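Participant: give me coordinates for this.
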Amino acid sequence: MPEVPYDELRWAVVLGAAGQLGEQPAGHGRVLSGVAIDFPAAPGGPDPVVLAPDLAVLARDALRGGRGRFGAAGVEAVLEVARPGLAEAAGAYARGGVPLYLVVDPAAAVCTLHTAPSPEGVYREAERVPFGNDLFLALGGRTAVLRTDEFPTPSPASSAAPRTAPHPVPFPTPGTDPGVGRGIVDG
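Facilitator: Next up, the predicted model:
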């Protein structure tokens, strides 16, 4: 069978997660995709880092700053679909104090939930959850449940094939490469 293109996988994950999360925090915040957010600069960096996560869960009281963008302080969670270059984004999210950073990796059929951000730009804890298992996300005093059983994988699998069997990972998830994102625990 032909392999599913990355953009199709990415948008299937983002739209599926946005739909689930958008239903749950009703009145508690917003779920946005691709919105520019200001994050603190790396030590010695001159300006804030502007990132547009695949999906961001913002607190109800999140406000736009002088540049018209939201600030890191209003971000409760970020979801990114695995791709090269996420280690730098993970550092910005951790420096900004984003409490939950979720990387969804369709190639490996696994989600990695990073928690315990530090001002040094690393997440001190991580939990790997295979597709097919629910993720429980502590969002600003409430818990949202993200079902992963319908997240896509690169090759369409028959209904008899288990969804939790990992595929080879084409690039590292932040924290899995010993030279990148030191301090992130990969569990």
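Participant: how about the most centrally placed residue in the chain, what does it touch?
Facilitator: Nearest to the centroid of the C-alpha atoms of the chain, with distances taken as C-alpha atoms, centre = their mean, sits Leu79, at 2.2 Å. The neighbourhood of Leu79, defined by C-beta atoms under 8 Å, 6 or more residues apart in numbering, consists of 13-14, 17, 53-56, 102-104. Every residue, glycine included, has its C-beta placed from N, CA and C.
Participant: did I read that right, it in a helix?
Facilitator: No. In this structure, Leu79 is strand, not part of a helix, as judged by DSSP: H, G, I helix; E, B strand; the rest coil.
Participant: that one bridge partners, please.
Facilitator: When bridges are called by DSSP bridges, Leu79 pairs up with Leu55, Leu102.
Participant: tell me the predicted confidence for it.
Facilitator: In this model, Leu79 is scored at 97, pLDDT.
Participant: ok so, going back, scan the contacts of Leu79 and report the most crowded one.
Facilitator: Greatest neighbour count in the contacts of Leu79, by other C-beta atoms under 10 Å, goes to Val104: 30 neighbours.
Participant: how far is the helix or strand where that residue lies from where the chain is centred?
Facilitator: Under the criterion of DSSP states H and E, Val104 resides in strand 100-105. Relative to the centre of its chain, strand 100-105 is centred 3 Å away, using C-alpha atoms, centre = their mean, to the nearest Å.
Participant: for stretch 109-123, same thing?
Facilitator: Taking C-alpha atoms, centre = their mean, one finds stretch 109-123 lying 9 Å from the centre of the chain it belongs to.
Participant: now do the buried residues in that stretch.
Facilitator: 109-115, 117, 121-123 (16 or more other C-beta atoms under 10 Å).
Participant: for stretch 69-79, same thing?
Facilitator: 69-72, 74-79.
Participant: in strands, which of the buried residues of stretch 109-123 appear?
Facilitator: Judged by DSSP state E, the subset of the buried residues of stretch 109-123 located in strands is 110-115, 117, 123.
Participant: show me which pair in the residues you listed is furthest apart.
Facilitator: Pairwise distances across those (C-beta to C-beta) peak at 20.7 Å, for the pair Val110 and Pro117.
Participant: could you find the closest non-adjacent residue to Gln20?
Facilitator: Of all residues not flanking Gln20 in the chain, Leu146 sits nearest, at 5.7 Å (C-beta to C-beta, 6 or more residues apart in numbering).
Participant: listing partners with orientation, what would you give for the helix or strand bottoming out on mean pLDDT in the chain?
Facilitator: Counting by mean pLDDT, DSSP states H and E, the chain has its least confident helix or strand at strand 29-32, which shows a mean of 86. Sheet partners assigned to strand 29-32 using DSSP bridges are listed as strand 55-59 (antiparallel).
Participant: angle of the partner strand against strand 100-105?
Facilitator: 160 degrees (axes from the mean of the first three to the mean of the last three C-alpha atoms, to 10 degrees).
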